[in-house]
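A.B. asks: Give me coordinates for this.
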Amino acid sequence: MIQIDEKIYFYLFMILPVMIIFYMVLVFWKKRTQRKFAEPTLLKRLTPNRSSFKGVLKLLFLLLGLSGLILGLANPKIGTKLETVKREGIDIVFAIDVSKSMLAEDIAPNRLEKAKRLVSEIINQLASDRIGIIAYAGQAYPQLPITTDYSAAKMFLQNMNTDMMSSQGTAINEAIKLATTYYDDEEQTNRVLFIVSDGEDHSEGLVIDAVELAIAEGIRVFTIGVGKTKGSPIPLKRNGVTQELKKDAQGEVVITKLNEAILEEIADEGNGEYINGSNTEEAVQFIKDELNKMDKMEFEAKQFAEYKDQFQWFLGAGLFFLFLDIFLLDRKTKWLKRLNLFNEKHHE
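C.D. replies: Numbering: from 1, shown residues only. As a prediction, this is how the structure comes out:
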């Protein structure tokens, strides 16, 4: 198992193709300038010890040296031992609303970014619980299966946006039904689903049926409301600049409101709680307390331990090739010249 500490240094690899292009341009310029000075045969007589191969070799050494230094800065690590550890936790699934109404800015910076921040803060409070992520609008799609990899969860979370769904609308029932397929451990007694939404629902009353299905599967359903009850228009932006406000079929500006009533009903039916997400700190603390009250289940998780730094090998190799580049001259090597590999004629 390989782990990279500082992936940002990989951007430095973009320097290498620039250097290759620069070298090719320089060689082309040199040849064109030399042709103006003398014929190729005369140039060979004037510079009998000059090696064109050495120039390419020096470039190769330079590229290898820089590659080694860049990899050293990135600090690759290798997991040397796979351990099976016992962990206790709860299976938690976050169903996050990514419909267009989540672009409303009645809560800064907008409802979706607020929802993502809330979920990220909740994940920060977890210790050994397993988590999964679902995105939903008119339909629901799995984003991340049940895992203990919190870093991956945050990466998927940050990439969520309102353009990831082809079908718009808000079908909470689809998210709940998909969530029932996430829990694969029959012995797991504490299964929790958090629905993070502004409460707009276009599933025409099917959501309560979905909640009953979740309850039958042993899932407690919590809801987190994001937005304001007084409502807000939905800005449609391009490159961060608002172009217009979303309008309905009659040309009227759409005002989207936080529907706490439906979120409270879902939580009541789902044996959970409704949490207003306006105050991030209070919401996260309440959820942390609720999770701590639940019994934890023991499960096994395999993970690599004893990661060892490998940067020194890459730095050493990089410095070695750079030294070769510095001390390698453009002149032909005497013993290589005597071999006369290319059947070159010697001129007296």
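A.B. asks: use CA for all of it now, contacts and neighbours both
C.D. replies: Noted.
A.B. asks: ok, residue 174 - contacts?
C.D. replies: 136, 139-140, 210 (C-alpha atoms under 8 Å, 6 or more residues apart in numbering).
A.B. asks: Let's see which of the residues you listed end up in strands.
C.D. replies: 136, 140 (DSSP state E).
A.B. asks: Format the contacts of residue 174 as TSV; extra columns: neighbour count.
C.D. replies: What follows is the contacts of residue 174, written out as TSV (neighbours: other C-alpha atoms under 10 Å):
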residue	neighbour count
136	29
139	19
140	25
210	21
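A.B. asks: export the contacts of residue 174 to TSV and tack on distance to residue 312 and pLDDT?
C.D. replies: TSV is the format used below for the contacts of residue 174 (distance: C-alpha to C-alpha, whole Å; pLDDT from 0 to 100):
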residue	distance to residue 312	pLDDT
136	46	93
139	50	89
140	47	92
210	56	93
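A.B. asks: and which of the contacts of residue 174 is nearest to residue 115?
C.D. replies: residue 136 (13.1 Å; C-alpha to C-alpha).
A.B. asks: what's the distance between the closest one and residue 101?
C.D. replies: Distance, residue 136 to residue 101, using C-alpha to C-alpha, to the nearest Å: 12 Å.
A.B. asks: go on, residue 147?
C.D. replies: Residue 147 is 29 Å from residue 101, by C-alpha to C-alpha.
A.B. asks: ditto for residue 174
C.D. replies: 17 Å.
A.B. asks: Quote the end-to-end distance of stretch 99-107.
C.D. replies: Using C-alpha to C-alpha, one end of stretch 99-107 lies 16 Å from the other.
A.B. asks: So what's the residue count around residue 150?
C.D. replies: 19 (other C-alpha atoms under 10 Å).
A.B. asks: now residue 276
C.D. replies: Number of residues near residue 276 (other C-alpha under 10 Å) recorded here: 20.
A.B. asks: what is it paired to in the beta sheet?
C.D. replies: residue 225 (DSSP bridges).
A.B. asks: tell me the contacts of it?
C.D. replies: Contacts of residue 276 (C-alpha under 8 Å, 6+ apart): 224-226, 283.
A.B. asks: Please report how far the closest residue in space to residue 220 that isn't next to it in sequence lies from residue 130.
C.D. replies: Nearest non-adjacent residue to residue 220, counting by C-alpha to C-alpha, 6 or more residues apart in numbering: residue 192, 4.9 Å away. Separation of residue 192 from residue 130 (C-alpha to C-alpha): 10 Å.
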